[in-house]
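Colleague: Got a predicted structure plus its sequence, pasted below:
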Amino acid sequence: MGNLLSAIQPPPPPPMVLVPPLFDYPPLAARTRMLESSYNLLFGKLALKCLFEDYFEEARHFSTRIMLKPIDDPHVDLIATVGGPLDHKVDEKIVGNAQFRWQSDVDDPHTFVDLFVSNSEPTLVMRSCAYYPKFGFGAFGIFPVLMKQRVSSEDYGVMGLRYGSPNLSVGASIIPFTAGDELPKNAWLVSKMGRLTAGVQYEPKFGSKDEARYKNLANWSCAVGYGLGSGSPLSPSFNFGLELARNSQFIASFYQHVVVQRRVKNPLEENEVVGITNYIDFGFELQTRVDGDKSSNNIHDSTFQVAASWQANKNFLLKGKVGPLSSSIALAFKSWWKPSFTLSVSAVRDRIKAETAFGFGIRVDNIREASYQRADPNFVMLTPSKEHLAEGIHWKSGKRPLLESDVSSGNFDGVPRELRPLNKIL
């Protein structure tokens with residue numbers, strides 16, 4: 001009889017581990033990275049920028065960002081932002097801008113055209129990029145259409161060419177309406193060899209027109225970096241970089257993204273939920289003068305900043321940042337509606353003035369998806385609510401559980417595009 005009842009009754013559900021979506025991935029800066037020099041995005045710079053800036057609102061200021069995409073046409077989207085002081089100030093106005101974007105391929109953000117409108121200068125800017133992944137070549141342009149006053153040659157537009165492959169990135173940008181002695185505006189060369197990445201960038205900002213600016217070391221920057229990880233937020237990553245900027249500033253940076261799983265007993269969840277995945281990020285940056293000339297480039301002798309973030313679940317994110325003059329902490333709450341809604345509060349402590357001020361931010365987003373469709377013996381989706389089955393995970397006291405899947409081995413064919421590495425383009 002016991003064998004008969006056991007055959008009739010269904011087996012107990014296997015243990016489940018919650019895998020929440022990240023708050024902001026992929027970062028919005030990645031959508032326009034083909035307009036930027038690869039030198040300015042690699043060596044962990046993009047990840048550090050997001051860690052040091054996102055959700056840290058300016059003291060006594062607010063910011064609002066709305067990101068919308070029509071259901072009928074996923075090729076276009078609109079981003080509108082409004083920000084300004086919490087209290088009325090005569091010398092500071094509320095800044096508003098909007099960006100309308102069209103991209104040819106929904107899954108490939110590298111070929112696009114966007115229009116940027118603002119109540120500050122420039123009033124209207126058109127940006128465009130065309131990239132051909134089969135050959136690795138791309139062309140881009142940034143053209144201010146409406147401006148009250150064009151002061152420099154750059155106000156008339158910038159154009160550039162680039163080549164990208166998994167191990168090499170080279171490109172240059174020029175100002176078409178300028179004198180010949182100002183060419184190029186900048187040029188870069190970055191190469192990757194295994195876990196090492198090295199690059200050099202030329203920006204002719206110093207020197208007179210009568211001399212060859214490429215001979216001035218202040219127009220050159222070089223960097224080397226060491227990196228581990230696939231680039232997907234579902235797997236850990238590690239980046240360490242050293243840079244000599246303009247022959248006057250030495251920069252050492254470190255960034256680490258950690259994916260951990262912890263035991264959880266949530267009365268709001270089912271009994272089979274035994275754990276949850278957390279995302280922890282840590283970053284450090286040190287900048288030191290090396291030229292000894294305090295009058296040049298307006299660079300402080302030495303400065304640093306340290307930041308860390310912890311995403312406890314799909315709804316809460318906690319961040320902290322410490323620098324030589326101030327400290328900041330930010331708390332963000334996100335509701336995964338359609339569109340998603342995020343409310344953030346940040347506190348800034350000025351140690352010189354011994355004052356604490358607050359900033360607030362609101363974000364509405366339906367551009368970036370938060371879906372999980374991964375399925376393998378150890379990582380199987382059960383429902384569209386970001387809950388995954390994790391067979392083979394054994395929770396033991398004092399021991400870290402292991403999750404083996406194609407994600408850890410670098411196979412991202414079955415992973416949604418918003419959780420894959422940004423692209424196999426250096």
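Modeller: That came in fine, so what should we check first? On a predicted model such as this, the values are computed, not experimentally measured, just so you know.
Colleague: Now T342. Its backbone dihedrals?
Modeller: Its backbone dihedrals place T342 at phi -130, psi 130, with angles given as degrees, to the nearest 10.
Colleague: Any figure for the gap between it and H110?
Modeller: Distance of T342 to H110, given as CB to CB, to the nearest Å: 27 Å. From N, CA and C alone the C-beta is placed, and that goes for glycine too.
Colleague: Comparing these two, which shows the higher neighbour count?
Modeller: H110 (23 against 20; other CB atoms under 10 Å).
Colleague: Got the confidence number for the closest residue to that one other than its chain neighbours?
Modeller: For H110, the nearest residue in space outside its immediate sequence neighbours is Y131; the separation is 4.0 Å by CB to CB, 6 or more residues apart in numbering. According to the predicted model, the pLDDT of Y131 comes to 91.
Colleague: Run through the bridge partners of Y131.
Modeller: Listed by DSSP bridges, the beta-bridge partners for Y131 are G138.
Colleague: Output the lengthiest helix in the chain as CSV - backbone C-alpha positions only.
Modeller: What stands out as the longest helix in the chain, according to DSSP state H, is helix 45-53. Listed in CSV are the C-alpha atoms of helix 45-53, where the atom choice follows Å, rounded to 0.1, in the frame of the first residue of the first chain:
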residue,chain,number,x,y,z
LYS,A,45,36.2,52.3,-17.1
LEU,A,46,32.6,51.8,-18.1
ALA,A,47,31.9,49.6,-15.1
LEU,A,48,33.6,52.0,-12.7
LYS,A,49,31.7,54.9,-14.1
CYS,A,50,28.4,53.1,-13.5
LEU,A,51,29.5,52.2,-9.9
PHE,A,52,30.7,55.7,-9.0
GLU,A,53,27.8,57.6,-10.5
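Colleague: Run through who's touching that helix.
Modeller: Among residues not part of helix 45-53, those counted as contacts by CB atoms under 8 Å, 6 or more residues apart in numbering are 24, 27, 29-30, 33, 237, 239, 241, 253, 255, 257, 281, 283, 285, 305, 307, 309, 319, 321.
Colleague: And it, how far out from the chain middle?
Modeller: 6 Å (CA atoms, centre = their mean, to the nearest Å).
Colleague: got it, and stretch 23-39?
Modeller: The chain centroid and the centroid of stretch 23-39 are separated by 6 Å, computed with CA atoms, centre = their mean.
Colleague: which stretches of the stretch 1-150 of the chain aren't confidently modelled?
Modeller: Across the stretch 1-150 of the chain, the stretches falling below the confidence threshold (pLDDT under 70) are 1-9, 12-16.
Colleague: now Q99: how far from I367?
Modeller: Relative to I367, Q99 is positioned 11 Å away (criterion: CB to CB).
Colleague: ok, these two, which is more surrounded?
Modeller: In this comparison of Q99 against I367, neighbours counted by other CB under 10 Å, the higher total goes to Q99 at 19 against 16.
Colleague: after the helix or strand encompassing that one comes which helix or strand?
Modeller: Using DSSP states H and E, the secondary-structure element containing Q99 is strand 95-105. Helices and strands here follow DSSP H and E; after strand 95-105, the next one along the chain is strand 108-118.
Colleague: Note down every partner strand of the strand of greatest length in the chain and its orientation.
Modeller: Of all the segments of type strand in the chain, defined by DSSP state E, the longest one is strand 273-289. Sheet pairing here is set by DSSP bridges, and for strand 273-289 it gives strand 16-18 (parallel), strand 249-263 (antiparallel), strand 302-311 (antiparallel).
Colleague: on that earlier part again, now the longest helix of the chain against strand 273-289, angle please.
Modeller: In terms of direction (axes from the mean of the first three to the mean of the last three CA atoms, to 10 degrees), helix 45-53 departs from strand 273-289 by 100 degrees.
Colleague: And helix 45-53, what's buried?
Modeller: Buried residues in helix 45-53, counting neighbours by 16 or more other CB atoms under 10 Å, are found at K45, L46, A47, L48, C50, L51, F52.
Colleague: What of stretch 347-362?
Modeller: Along stretch 347-362, the positions that meet the burial threshold by neighbour count (16+ other CB under 10 Å) are A347, V348, R349, A357, G359, G361.
Colleague: what sits up against the helix or strand containing the last one?
Modeller: What that stands for is G361. For G361, the host element (DSSP H and E) is strand 355-365. Applying CB under 8 Å, 6+ apart, the external contacts of strand 355-365 come out as 55-68, 86, 332, 339-350.
Colleague: Determine the set of other helices and strands touching the host helix or strand of M67.
Modeller: M67 is part of strand 61-68, with elements assigned from DSSP H and E. Packing partners of strand 61-68 (3 or more CB pairs under 8 Å, 6 or more residues apart in numbering; DSSP states H and E): strand 76-85, strand 355-365.
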